[in-house]
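Asks: Structure for the following, please:
(4 chains)
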Number of protein chains: 2
Amino acid sequence: MDNIVEIVLAEDEPSLGQIIKESLETRNFKVHLAKNGEEAYALYSSISPKLLVLDVMMPKKDGFTLAKEIRLEDDTIPIIFLTAKSQTQDVVEGFTIGGNDYLKKPFSMEELIVRINNLLHRTRTQQNSEALTVGKYTFDFPKQTLTFEDESHQLTHREAHLLFHLIKNKNQVLDRSMILKKLWGDDDFFNGRSMDVFITKLRKKLKQDDAIQIINVRGFGYKLVC
Amino acid sequence: MDNIVEIVLAEDEPSLGQIIKESLETRNFKVHLAKNGEEAYALYSSISPKLLVLDVMMPKKDGFTLAKEIRLEDDTIPIIFLTAKSQTQDVVEGFTIGGNDYLKKPFSMEELIVRINNLLHRTRTQQNSEALTVGKYTFDFPKQTLTFEDESHQLTHREAHLLFHLIKNKNQVLDRSMILKKLWGDDDFFNGRSMDVFITKLRKKLKQDDAIQIINVRGFGYKLVC
DNA sequence: TGAATCGGTTAACACTCGTTAACACTGGTT
DNA sequence: AACCAGTGTTAACGAGTGTTAACCGATTCA
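Replies: Okay, here's the model as predicted:
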């Protein structure tokens, strides 16, 4: 019932990052520290944390940009921005809709912890384990199982993630390079070919319901229709 | 040693009461059915059951009132309330302190049985240890026992620690090298293989509930889902 | 029409993990 | 001391997973 809460913290200033991490860990949070936006995204994808704390100004990918990407996938996960004094108020406030909040630097650890607990309690009521459906299939993402009538198949991690995004964007074109960056971390030739292989695998596993198709849009990406 | 557990069930809707009674009796509980609060109190007094299952809305005496009276005499006996949808969350939760729990109608028999077993097991081990639950299992970390229905198994030290962390991070990926450092002190090749062996052992011991799975995330770690 | 490119598919490969069993170590018993 | 049971580590093999390579058809555009 009382799981340890995992948090991804993105802060490019190493010593500050370390201090925050340690402070939060004394409060029984499990903190994964990233030193830029890209790292934070990778951690977010692999760990599925309960909450994100993002410095706004970071190399590689700033906090706002990162938050926008994450909101495409999950529009409930709480995000707390750490903003410098120079950030103008209205820009920051634009981002505090949804499950967001922000803290101006410098801040006290207590303030941060209070906000984290507020946001966590606000969302504790809803759970994320809803079964997704594709045609006559049922797909349980956390369990990585794909069920057709009474037969369940276990999917691999990659297959499950790819299918998850296809379903989330059902009947829309899923951008090739976006999905590559999301799942593989980088859009290069080999990763692209690798993804094509997984599309083939998913097509095989989904062909029991021939209303389902994964259509290629040459040069753009794939679209799951059903 | 393990006498048959006696339960008093108070439910004013006769057919539902009968169904619950019969279901529980297939699980080797002896169930005494009352059709209102007063009857239930009489049964409680004469039988001294190990546990009570009380519908909240009943004629003559409602479940909460009855529970308050019983608590005057015995403040440890586990009580499970059956609540209708209309009951507000906070009123119900106010009663879940002490040895209480509640179930919202409609519920599955499985849910009820899991809660009964949890509560029975918790009182057997008294306050010193809070029982963790995984699916239909109950796990007592300090005692290193894993219980499924009425069968308890002793876990070894390593098994128990590993399971503990998996449960604490339920539905999240448990980082391979982090758990190795925590339990083995070092992340090297042999320790890694050793951990894999223990994962196998835990899977075997958890396979009586096939809703529970320990999923591998290649390169990252393991995730317990249920 | 022909060249270039993209994607579909299969198979080979490297690597990680699953599983079983043998082994070593510990502490307790006879 | 010899024995034993329980626990955890190491070894070995096989299966599973994901990447790379290779070949081919399809599409696009000059």
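
Asks: what residues does chain A put near chain B?
Replies: Proximity of chain A to chain B is confined to A:1, A:3-4, A:6, A:30, A:46-49, A:129, A:142-144, A:156-157 under the rule Cβ under 8 Å from any Cβ of the partner chain. Every C-beta, even on glycine, is put in place using the N, C-alpha and C of the backbone.

Asks: what about the helices in chain A?
Replies: A:14-26, A:37-47, A:63-73, A:89-94, A:109-123, A:157-168, A:176-179, A:189-205 (DSSP state H).

Asks: average pLDDT across the fifth one?
Replies: For helix A:109-123, the per-residue pLDDT values average out at 73.

Asks: quick one: buried residues of it?
Replies: Buried residues in helix A:109-123, counted by 16 or more other Cβ atoms under 10 Å in any protein chain shown: A:112, A:115-116, A:119.

Asks: Tell me which residues are up against it.
Replies: With contact meaning Cβ atoms under 8 Å, 6 or more residues apart in numbering or on different chains, helix A:109-123 is reached by A:5, A:7, A:20, A:23-24, A:27, A:29, A:50-51, A:53, A:76-78, A:80, A:99, A:101, A:103.

Asks: now do the second one
Replies: Helix A:37-47 has contacts (Cβ under 8 Å, 6+ apart) with A:6, A:8-10, A:32, A:34, A:49, A:52, A:54, A:58-63, A:65-66, A:69-70, A:161, A:182-183, A:185, B:172-173, B:175, B:217, B:220.

Asks: in chain A, which helix or strand is least confident?
Replies: Using mean pLDDT, DSSP states H and E, helix A:89-94 stands out as the lowest-scoring helix or strand of chain A, at a mean of 52.

Asks: returning to what we had before: selection in PyMOL covering whichever of the contacts of helix A:37-47 are buried, please.
Replies: Command for PyMOL, covering only those of those found buried under the criterion 16+ other Cβ under 10 Å:
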select buried, (chain A and resi 6+8+9+10+32+34+49+52+54+58+60+61+62+63+66+69+70+161+182+183) or (chain B and resi 172+173+175+217)
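
Asks: picking that back up, from the residues of chain A next to chain B, pick the one nearest DNA strand D.
Replies: Using Cβ to the nearest atom of the strand, A:T156 is the member of the residues of chain A next to chain B that sits closest to DNA strand D, with 2.8 Å.

Asks: dump the residue contacts of the closest one.
Replies: The neighbours of A:T156, taking Cβ under 8 Å, 6+ apart as the test, are A:144, B:218.

Asks: Tell me the spacing between the closest residue to A:L166 other than its chain neighbours and chain B.
Replies: Residue nearest to A:L166 in three dimensions, not counting chain neighbours: A:L224, with 4.1 Å by Cβ to Cβ, 6 or more residues apart in numbering or on different chains. Counting by Cβ to the nearest Cβ, to the nearest Å, the gap from A:L224 to chain B is 23 Å.

Asks: tell me which residues form a beta bridge with A:L224?
Replies: A:I214 (DSSP bridges).

Asks: isn't it right up against A:D209?
Replies: No: A:L224 is beyond contact range of A:D209, at 11.9 Å (criterion: Cβ atoms under 8 Å).

Asks: When those two are compared, which one has more neighbours?
Replies: It is A:L224, of A:L224 and A:D209, that has more neighbours when counted by other Cβ atoms under 10 Å in any protein chain shown, with 23 against 14.

Asks: Next one, pLDDT for that one please.
Replies: Confidence score, pLDDT, at A:L224: 93.

Asks: For A:L166, which residues are in contact?
Replies: A:L166 sits next to A:174, A:202, A:214, A:222, A:224 when contact means Cβ under 8 Å, 6+ apart.

Asks: The first one: how many residues sit nearby?
Replies: Read it as A:L174. Neighbour tally, A:L174, other Cβ under 10 Å: 21.

Asks: That one - nearest residue in space that isn't next to it in sequence?
Replies: Closest residue in space to A:L174, ignoring its immediate chain neighbours: A:G221 at 4.9 Å, by Cβ to Cβ, 6+ apart.

Asks: Look up how far DNA strand C lies from the one you found.
Replies: 7 Å (Cβ to the nearest atom of the strand, to the nearest Å).

Asks: what sits against that residue?
Replies: A:G221 sits in contact with A:173-176, A:178-179, where contact means Cβ under 8 Å, 6+ apart.

Asks: quick revisit: closest one of the residues of chain A next to chain B to DNA strand C?
Replies: Among the residues of chain A next to chain B, and counting by Cβ to the nearest atom of the strand, the member closest to DNA strand C is A:H157, at 9.9 Å.

Asks: was I right about that closest one contacting B:R218?
Replies: Yes: with contacts counted by Cβ under 8 Å, A:H157 reaches B:R218, the gap being 5.8 Å.

Asks: which one of those two has more residues nearby?
Replies: The neighbour count for A:H157 versus B:R218, taken as other Cβ under 10 Å, is higher for A:H157 (18 against 8).

Asks: residues near the residue in chain A that DNA strand C sits nearest to, how many?
Replies: The nearest approach of chain A to DNA strand C comes at A:N216, 3.6 Å away (Cβ to the nearest atom of the strand). Using other Cβ under 10 Å, A:N216 has 14 neighbouring residues.

Asks: And it, how far from chain B?
Replies: 26 Å.

Asks: With A:E159 instead?
Replies: 11 Å.

Asks: Please list all residues in contact with A:Y137.
Replies: A:Y137 makes contact with A:146-148, A:206, A:208-209, A:212, according to Cβ under 8 Å, 6+ apart.

Asks: tell me the domain ranges of chain A?
Replies: Following automatic domain parsing, one gets these domains for chain A: A:5-123, A:132-225.

Asks: The first one and DNA strand C, are they touching?
Replies: No: between domain A:5-123 and DNA strand C, judged by Cβ under 7 Å from any atom of the strand, nothing touches; the nearest distance is 11.9 Å.

Asks: hang on, the earlier thing: just the buried ones from the contacts of helix A:109-123?
Replies: Buried members of these, scored by 16+ other Cβ under 10 Å, are A:5, A:7, A:20, A:23-24, A:29, A:50-51, A:53, A:77-78, A:80, A:99, A:101, A:103.

Asks: A:N171 touches A:V225, doesn't it?
Replies: Yes: under the criterion of Cβ under 8 Å, A:N171 makes contact with A:V225 at 5.6 Å.

Asks: circling back: which one of the domains of chain A lies closest to B:P14?
Replies: domain A:132-225 (34.8 Å; Cβ to Cβ).

Asks: Over to the closest one now: how far is its first residue from its last?
Replies: 14 Å (Cα to Cα, to the nearest Å).

Asks: Now for A:T138: which residues touch it?
Replies: Each residue near A:T138 by Cβ under 8 Å, 6+ apart is listed here: A:131-132, A:146-148.
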